[in-house]
Structure formats: C-alpha cells, structure tokens
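Asks: Predicted model follows, preceded by the sequence.
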Amino acid sequence: MYAVIKVAGKQHRVQPGRWFLVDQPEAQELTSTVLLVADGSKVVTGADAAKATVKLSKTGTVRIRGNRSMKFRPKEARSSKRMLGYRRTLVKVTCDSVSL
C-alpha cells in the first residue's frame, strides 16, 4: 500500500516505514493532503482519497543541508566578484502508516 501526499508544496510517494526529505522549518507542524491511495489493484483518488489518513513523524532532530543553489555575479570594470547562494535545511520525515 502506498499513497501520494502533498507536503510543503511538493508531492511525495510514501509507504509505511519509508522516509523522505521535506523542505520545511523544523518548528512547523507537518500538514499533509492525501491525493492518491493505492492498495494492490485498487486505486482511490479525489474526495475518497481525502478521507484517507497518513501518519507522519519527524525522526528526532535529524536535519540535512541540501545542495547549494549558486549565483555568480561579476561586477564590470572591477576585479571583484560576488557569490550568492544558500543551503536549504531539509527535515527527515518517516511515514508510519497509511490507511483508508
């Protein structure tokens, strides 16, 4: 059994016992919307899938830094250069259960 959920503006395919990374501040509460639930040959979408529940939990205080998105901005007629960029903090989330 697996489900497709929407967390923090992105869609994730989750199964019980599997983990995934969420780009969301660690202090915020996890809110997810169930878009699809599949159990063998039975697939539920739409309003019926919204009735399904997916239990998520943050695995302790594990925080992972994502890849750095870089921009290089050279300044003309000068020998100075400037690097702009940041690294997102990703939170590791585990799917505990999926039920209809």
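Replies: The structure has been received and is ready for your questions.

Asks: where are the low-confidence patches of this structure?
Replies: 60-63, 77-83 (pLDDT under 70).

Asks: Show me where it has its helices.
Replies: In the chain, the helices defined using DSSP state H lie at 47-50.

Asks: So for it, the centremost residue is which one?
Replies: In the chain, the C-alpha nearest the mean C-alpha coordinate belongs to residue 22, at 3.0 Å (C-alpha atoms, centre = their mean).

Asks: Next, the contact list for it, please.
Replies: 7-8, 10, 12, 30, 90-91, 93 (C-beta atoms under 8 Å, 6 or more residues apart in numbering). C-beta here means a position set from N, CA and C on the backbone, and glycine is covered the same way.

Asks: again, only using 6 Å
Replies: Residues counted as contacts of residue 22 (C-beta atoms under 6 Å, 6 or more residues apart in numbering) are 7-8, 91, 93.

Asks: hey, what's it bridged with?
Replies: Beta-bridge pairing for residue 22 (DSSP bridges): residue 91.

Asks: picking that back up, please indicate which of the contacts of residue 22 are buried?
Replies: The neighbour count (16 or more other C-beta atoms under 10 Å) marks 7, 91, 93 as buried among the contacts of residue 22.

Asks: By residue count, which strand of this structure is the longest?
Replies: strand 53-74 (DSSP state E).

Asks: Right, I'll leave it there.
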